[in-house]
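> what follows is a predicted protein model with its sequence.
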Amino acid sequence: MRSPFNDIVMIQSQGSRILLLDSTRNIHSIYTEGQKLTGSYWDEFACLPAVVPKGPIAILGLGGGTAAHLMLDLWPSLELEGWEIDEILIDKARKHFYLSDLEKCNEAGGILHVHVGDALSPMAVVPGGFSGIIVDLFSDGKVLPQLQEVSTWLELEKRLMPNGRIMVNCGGAHAEACSSEDENYSIYFSCSEGVSVYNPTITALCTSFPGNLSWRKMEEGESLNYLALTGPPPDLSAWSAAVPSQLSSNIKKWKPFQLS
């Protein structure tokens, strides 16, 4: 099905419902009955509540609701505010990915409020600010170009309450050997010994949050994407102890951002 924003394809595979949205055939959402963990970057989003104040958490780029399902399963009392620009996609997600179940207040008081519209609009705010913002915004398999602009991140920072954080799916990265003589040296960061990577979204984040950015690379088989987290580098031991046990081992893979 074609919407004004996406080529929407839903498939059933080995007990899972999978959402594909563009010509890359990348998986944008997945739903498996009785199994919320995905083994991909959505699991990392579910770790965010442990390092932010109590309060509403925004999901910018709701898609089929994979992150929302997982977060409300692990943290039932959360108040989630999800933005998705594609109304047809939301209608399909309510029917085929059980998104509508999350729009009803659960026994712990948790709920997902769905907003159809531009996640980067000035209207995507709540009184008092968000405790956390999850950014997962892609079009045609690529991170939205606005996320490569410092002004975007400075504006999103204004939507946080004090001590709030932003967690970002930064997509993949171009990797190559790099030295300080490279004219683009300042926009590379170390991934492993002798290799540096370039990711324009992380570059913009580094400029926006100097000294207050952490990152991790998803492993092969998880998606190979880079994730970023704003705010002072968290205490990884405390963070690991605060998340559900099935997610704790992933926390130690986060590290403070350092330019090459």
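Yes, it's here.

> where exactly do the strands run in the stretch 1-150 of the chain?
Along the stretch 1-150 of the chain, counting by DSSP state E, counting those that start in this stretch, strands occupy 9-13, 16-20, 27-32, 57-60, 79-84, 111-116, 130-135, 138-139, 142-143.

> each with direction, which strands does the last one pair with?
Here the strand partners of strand 142-143, with direction, are listed using DSSP bridges: strand 138-139 (antiparallel).

> same thing with the second one?
When pairs are called by DSSP bridges, strand 16-20 turns out to pair with strand 9-13 (antiparallel), strand 27-32 (antiparallel).

> any idea where the helices of the chain begin and end?
41-45, 66-74, 87-96, 99-102, 150-157, 200-208, 236-242, 248-251 (DSSP state H).

> run a quick neighbour tally on residue 91.
Neighbourhood size, residue 91 [other Cβ atoms under 10 Å]: 15. In short, each C-beta sits where N, CA and C put it, glycine included.

> same deal with the one 5 residues further on?
A count of neighbours around residue 96, defined by other Cβ under 10 Å, yields 15.

> do I have it right that it meets residue 17?
Yes - Residue 96 lies in contact with residue 17 (Cβ atoms under 8 Å); the separation is 5.9 Å.

> could you dump the strands of the stretch 1-150 of the chain into a markdown table with mean neighbour count added?
Below are the strands of the stretch 1-150 of the chain laid out as a markdown table (neighbours: other Cβ atoms under 10 Å):
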| stretch | mean neighbour count |
| --- | --- |
| strand 9-13 | 12 |
| strand 16-20 | 18 |
| strand 27-32 | 21 |
| strand 57-60 | 26 |
| strand 79-84 | 22 |
| strand 111-116 | 18 |
| strand 130-135 | 26 |
| strand 138-139 | 16 |
| strand 142-143 | 17 |
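
> so residue 217 makes contact with residue 226?
Yes - at 5.5 Å, residue 217 counts as touching residue 226 under the criterion of Cβ under 8 Å.

> re the thing from before, mind putting the strands of the stretch 1-150 of the chain in JSON lines, mean pLDDT and distance to residue 243 included?
Below are the strands of the stretch 1-150 of the chain laid out as JSON lines (pLDDT from 0 to 100; distance: least, Cβ to Cβ, whole Å):
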{"stretch": "strand 9-13", "mean pLDDT": "70", "distance to residue 243": "28"}
{"stretch": "strand 16-20", "mean pLDDT": "70", "distance to residue 243": "24"}
{"stretch": "strand 27-32", "mean pLDDT": "70", "distance to residue 243": "20"}
{"stretch": "strand 57-60", "mean pLDDT": "99", "distance to residue 243": "14"}
{"stretch": "strand 79-84", "mean pLDDT": "98", "distance to residue 243": "17"}
{"stretch": "strand 111-116", "mean pLDDT": "98", "distance to residue 243": "20"}
{"stretch": "strand 130-135", "mean pLDDT": "99", "distance to residue 243": "14"}
{"stretch": "strand 138-139", "mean pLDDT": "87", "distance to residue 243": "25"}
{"stretch": "strand 142-143", "mean pLDDT": "88", "distance to residue 243": "26"}
